[in-house]
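Participant: After the sequence you'll find the predicted model.
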Amino acid sequence: MKYSFIDGRKKQLISAELGLVLAFFGVIFFVLIFIFIFLELKISFYEDEKVGFEHHTKKMKEEIKIIDDETDLIANERAKAGTLHKDNLYVRKAIFNLFDLIPDKVTLSKAEMLKDRIILYGTTPSKDIYNLLLLAPLRSIFDKTYTSFYLLNNGWYRFVSYNYFDDKTTIFRNK
């Protein structure tokens with residue numbers, strides 16, 4: 001005896017609606033797994049890149065420090081060169097001034113310029129010419145002046161003049 005107008009269907013463990021829902025959950029699950037793996041790979045890639053950038057930054061900072069040190073060295077050398085150039089100009093001027101003091105009748109054979117003294121070697125026709133024409137200007141410049149004369153065969157005198165600064169200043173008084 002049948003009480004139904006339709007034939008019964010076989011019961012399925014998973015209905016079509018449940019299968020559709022499970023398929024959506026499966027697709028979503030695989031999409032989430034794919035996104036998770038993709039993000040993990042990207043994070044790993046960016047961490048490696050970050051380590052590379054940190055290494056590069058550290059290397060650049062070291063190079064910047066080296067360049068700064070070289071720049072400081074060059075600046076110091078430039079300042080020294082400027083000072084040396086200025087000193088050389090002053091020495092040159094002092095030498096020209098010294099040679100301007102020498103009268104025509106007195107001949108210098110050698111001049112030694114030291115830190116606190118100048119030693120002049122030369123010849124003069126007489127002691128009086130030396131004393132009148134050269135000794136007076138030397139005494140006005142230097143604190144102490146000593147001169148030794150040696151008679152030559154031709155009647156002229158060879159002299160050695162030692163000229164000192166007492167106050168421990170140098171020839172280069174502009175410093």
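Facilitator: Nice, I can see it. Numbering: from 1, shown residues only.
Participant: Doesn't residue 130 belong to a helix?
Facilitator: Yes - secondary structure of residue 130 (DSSP: H, G, I helix; E, B strand; the rest coil): part of a helix.
Participant: per the record, what domains does this structure have?
Facilitator: Under automatic domain parsing, the residue ranges defining each domain of the chain are 16-101, 106-175.
Participant: what's the most buried one of these?
Facilitator: domain 106-175 (a mean of 14; mean count of other C-beta atoms under 10 Å). Backbone N, C-alpha and C define where each C-beta goes, glycine included.
Participant: In JSON lines, list the domains of the chain along with distance to residue 8.
Facilitator: Listed next are the domains of the chain as JSON lines, based on distance: least, C-beta to C-beta, whole Å:
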{"stretch": "domain 16-101", "distance to residue 8": "17"}
{"stretch": "domain 106-175", "distance to residue 8": "121"}
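Participant: mind putting those in JSON lines, distance to residue 6 and mean pLDDT included?
Facilitator: Below are the domains of the chain laid out as JSON lines (distance: least, C-beta to C-beta, whole Å; pLDDT from 0 to 100):
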{"stretch": "domain 16-101", "distance to residue 6": "18", "mean pLDDT": "91"}
{"stretch": "domain 106-175", "distance to residue 6": "123", "mean pLDDT": "83"}
